[in-house]
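1. model this:
(chains A and B)
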Amino acid sequence: MTEQTKTRLVAGPFNRVEGDLEVRLEVVDHQVERAWVNAPLFRGIERVLEGRTPMDALVIAPRICGICSVSQSHAAALALGGVMGMVPAHNGQLPTNLIVATENLADHLTHFHLFFMPDFARPDYEGRRWYARAHDRFAALRGSAVRNILQTRALVLHVMGILAGHWPHTLAIQPGGLSRGVEKQDCMRLLGILGGVRAALEETLFDARLEEVAELSDAQDLQRWADKKNGSDFGLFLQIAQDLSLQHSGRSYDRFLSFGAYPGFESDPAQRHWRSGVFESGTAQPLNICDVAEDHAFSHMVDTAQPLPPFEGATEPQLREDTAYTWCKAPRMAGYPCETGALARQLMAGQPLARDLVARNGGNILSRVVARLVEVARLVPLMEQWVRALRPGEAWCHAQPNTVPDGRAIGMTEAARGALGHWLRVENGLISRYQIIAPTTWNFSPRDAAGVEGPLEYALRGAPVRAGEQTPLSVQHIVRSFDPCMACTVH
Amino acid sequence: MAFTVLWLQSGGCGGCSMSLLCAETPDLLAQLRGAGVEFLWHPSLSEQSGAEVQTLLTDILAGHVRLDALCLEGAVLRGPEGTGRYHVMGGTDVPMMAWVHRLAAVARYVVAVGSCSAYGGMAAASPNILDACGLQYEGVHPGGALGADFRSRSGLPVVNIAGCPTHPGWVIETLALLAQGSMAAEDMDAVGRPRLYADQLVHQGCTRNEYYEYKASARQPAQLGCMMEYMGCVGTQAHADCNNRLWNGEGSCTRGGYACINCTAPEFEEPGHPFAQTPRIAGIPVGLPTDMPKAWFVALSTLARAATPDRVARNAVSDHLIVPPTCPGQDV
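-> Below you'll find the model as predicted:
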């Protein structure tokens, strides 16, 4: 390894990542040796929240992000509910879960079809046996799958038109439940919409019943399925993944974090349909939220003597000329970086295929994308079940007081791209502190004081760089496999 | 020849793009095609990334690629201390603020998509440590990043498709009108919004209008009554066609059971009271319909309240319909 072969690249602006992103690379012998991930935009919404009436968080928090809007809204409602000692009415929890699931589903479809797959339709891959189909289906702005998915996605989001007024930026999710009562006829329309979504996904994405995909049990099962269903878009991806060995690309620390998705009912609000926790070395550990702290050593933030837990943390931007290289803070769980997302969620949920893929090759491009699509197949039947459980005529929302008492609470939920937490403190009737840790803050975190890289930075090591590449394609695949949301990252 | 659009994002959430992708029927790409509109680059949709995008920007500035419309989503961030470095466009080491100035100078039209790029919006909410502003407004005040006197090469000021988020129809129809040269200064309202949606009020088409007529009001989320008296709704003053055009098939804020917060207006982010509570002075809601004498409003609502049918009064404070309208001759 000589100095002559070491080159530096700056890749940006990165698109199809929701927001702005720059990745600096040090390349040695056609491989990334080290990477620095920079979120080049600062938003500062936490500072907007501070000093306001607590309930205003329901208006402001969703506007952190246009793609995780409902998740932000949900986290805010949970945090407020925590301070108010209120959990949603039974009948409010179901449609809230439906709304969160709808965003999750729409985001996964957006990611796969519009953000992730178009890179395989680039001319760089001309000559591969799958190229013609990848190009026909997924070429950006032109492929036939692009229009297919815009139509299906718009249909998915009709659920929002009924339950949430619109998407993004709804105010429907309240600490006490939902602001919109659902009548019998609404339930029938919801089932109709989900029927249309199911049909579209079963026809083109999977060429199979959703249940068949949801029940895939291990890598061999997936392989058998891929051979049989290679005419589907999922099958096409699996064919590409095998050809390009995507299971060996983009591995990170294999420490997975989920806050758990879809809260249970009043009788047991702490329970989650998909469990919370940290999955590592084949085992699921319970979540200890007190172990979360944020490090500012490499962030353009006023530095702190030590990493601070969010209840003590602050967001004071400071353009630093020293070690800082990003507006993103570095969250750590008991001192370690964590990867979060659909894969983490499905690992915690015990989905056997996700667990088998991770047991073999850890978190990588293949396992992240498969987990997302398996989750799609699991979500729709779940949503159908929730619609059938709605009870028109019963209360949708508890009466809410006009003022929020002093106190502090954490609102934890899952955005499509992973664990989202809001740490809220109310003093003298106003928000005195609001700290947010978004999924991509975990995944695209910078180094911490110990020099430990964030999950993406670590995952990029070893990525191949072809001669003349300015924005290496391998890097783009790995970056997008996390389904990043930079808007949230720098909230 | 297609009408070319370059879409950039800065101090915002990306929600206007996400909303744009909800366009139907037909879908976004089909509608743009019909209108003869083509993206040179869009952050969510285009293939080009990194160096390819930088080449495109260079070509536009050099005049090799024609730029018909520069669309900006998100506020312009001027901080810290006027450097614009709260947003440096990835890979370029140049603040987005500077890119916007350069590109606006060569674009035929400059379009603000969303309230952030129009007026500053939520990005500019107090304490505004970002020093965020709109392209040609700073809240209600003309000025902003490009200045009150800015005119794009077409001669038009910035077109402000305000909204938080914007409805896909507002954006597509505006671009389509620009593409065929059918949008003139008189097609924009006093704060630069396309009148195609800003000449209506959210109140028009609101399904709660019967409750409004009788001042039969909701006091809690999910109740069916009018949200103007207690729940912070300003749909009677808000310029937008949300309750006629509808969102995601059949929705709107008021149909979703929550207040219209007037998100198409400059400074909606600072209402001066909690968003979901109507401020009241001596029991009368502050912020009545803008073009109605207050005394008349008070007189009419006192009368209307007295005349409220039992059906309307009871349904207003219920979260589902409990008293249906009667059928003539079938009294129970």
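2. tell me which parts of the stretch 201-332 of chain B are close to chain A?
-> Contact residues (CB under 8 Å from any CB of the partner chain) of the stretch 201-332 of chain B with chain A: B:220-222, B:224, B:246-259, B:261, B:263, B:269, B:274-277, B:319-321. From N, CA and C alone the C-beta is placed, and that goes for glycine too.
3. kindly recompute the last result at 6 Å.
-> Contacts of the stretch 201-332 of chain B with chain A, taken as CB under 6 Å from any CB of the partner chain, map to B:220-222, B:247-253, B:255-258, B:274-276, B:319-320.
4. so which helix or strand takes in B:Gly232?
-> Of the helices and strands defined by DSSP states H and E, none includes B:Gly232.
5. pLDDT score for it?
-> Note for B:Gly232: predicted pLDDT of 97.
6. distance of the nearest residue to A:Pro88 once chain neighbours are set aside from B:Ala295?
-> Nearest-residue entry for A:Pro88: A:Gly177, 4.2 Å, with adjacent residues in sequence omitted and distances by CB to CB, 6 or more residues apart in numbering or on different chains. Distance, A:Gly177 to B:Ala295, by CB to CB, to the nearest Å: 39 Å.
7. can you give me the neighbour number for residue 182?
-> I went with chain A, as the question did not name one. 26 (other CB atoms under 10 Å in any protein chain shown).
8. sorry, should have said chain B
-> Neighbours of B:Ser182 using other CB under 10 Å come to 9.
9. same question, A:Pro123
-> Around A:Pro123 there are 10 residues (other CB under 10 Å).
10. so A:Leu222 sits right up against A:Glu215, yeah?
-> No. Using CB atoms under 6 Å, A:Leu222 makes no contact with A:Glu215, being 11.2 Å away.
11. so the two - more neighbours on which side?
-> More neighbours surround A:Leu222 than the other of A:Leu222 and A:Glu215, with 21 against 15 (other CB under 10 Å).
12. restricting to C-alpha, output stretch A:450-467 in CSV.
-> Taking C-alpha atoms only, stretch A:450-467 is exported to CSV below (Å, rounded to 0.1, in the frame of the first residue of the first chain):
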residue,chain,number,x,y,z
ALA,A,450,-13.3,7.3,20.6
GLY,A,451,-12.9,7.5,16.8
VAL,A,452,-15.5,4.8,16.2
GLU,A,453,-17.1,5.3,12.9
GLY,A,454,-20.9,5.5,12.4
PRO,A,455,-22.6,2.4,10.8
LEU,A,456,-22.6,3.7,7.2
GLU,A,457,-19.0,4.8,7.5
TYR,A,458,-18.0,1.4,8.7
ALA,A,459,-20.2,-0.3,6.1
LEU,A,460,-18.4,1.5,3.2
ARG,A,461,-15.0,0.1,4.0
GLY,A,462,-13.9,-2.1,1.3
ALA,A,463,-16.5,-0.9,-1.3
PRO,A,464,-14.9,-1.3,-4.8
VAL,A,465,-14.1,1.8,-6.8
ARG,A,466,-13.6,1.5,-10.5
ALA,A,467,-11.1,3.6,-12.4
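13. break chain B into its domains for me.
-> B:3-197, B:200-320 (automatic domain parsing).
14. contacts for stretch A:146-154 next, please.
-> A:Ala106, A:Leu109, A:His113, A:Ala200, A:Thr204, B:Cys22, B:Glu24, B:Asp27, B:Leu28, B:Leu29 (CB atoms under 6 Å, 6 or more residues apart in numbering or on different chains).
15. which element is the last one on?
-> Spelled out, that is B:Leu29. helix B:28-35.
16. in that helix, what's buried?
-> In terms of neighbour count (16 or more other CB atoms under 10 Å in any protein chain shown), helix B:28-35 has its buried residues at B:Leu28, B:Leu29, B:Gln31, B:Leu32, B:Ala35.
17. so which of A:Gly177 and B:Ala295 has more stuff around it?
-> A:Gly177 (31 against 8).
18. is that one bridged to anything, and to what?
-> Beta-bridge partners recorded for A:Gly177 (DSSP bridges): A:Gln174, A:Cys397.
19. got the contact list for B:Gln330?
-> Counting by CB under 6 Å, 6+ apart, B:Gln330 has no contacts.
20. part of a helix, is it?
-> No. Read with DSSP: H, G, I helix; E, B strand; the rest coil, B:Gln330 is coil and lies in no helix.
21. any weak-confidence spans in the chain?
-> Picked chain A for this. Where chain A drops to pLDDT under 70, the residues are A:1-4.
22. think we crossed wires, I meant chain B
-> Ranges of chain B meeting pLDDT under 70: B:287, B:331-332.
23. please, where are all the strands along it?
-> B:3-9, B:37-41, B:69-73, B:76-77, B:88-89, B:94-95, B:109-113, B:132-133, B:137-138, B:141-142, B:159-161, B:280-281, B:284-285 (DSSP state E).
24. tell me the angle the longest one makes with strand B:109-113.
-> Right, strand B:3-9. If you take axes from the mean of the first three to the mean of the last three CA atoms, to 10 degrees, strand B:3-9 sits at 40 degrees to strand B:109-113.
25. adjacent strands (with direction) for strand B:3-9?
-> Counting by DSSP bridges, strand B:3-9 is paired with strand B:37-41 (parallel), strand B:69-73 (parallel).
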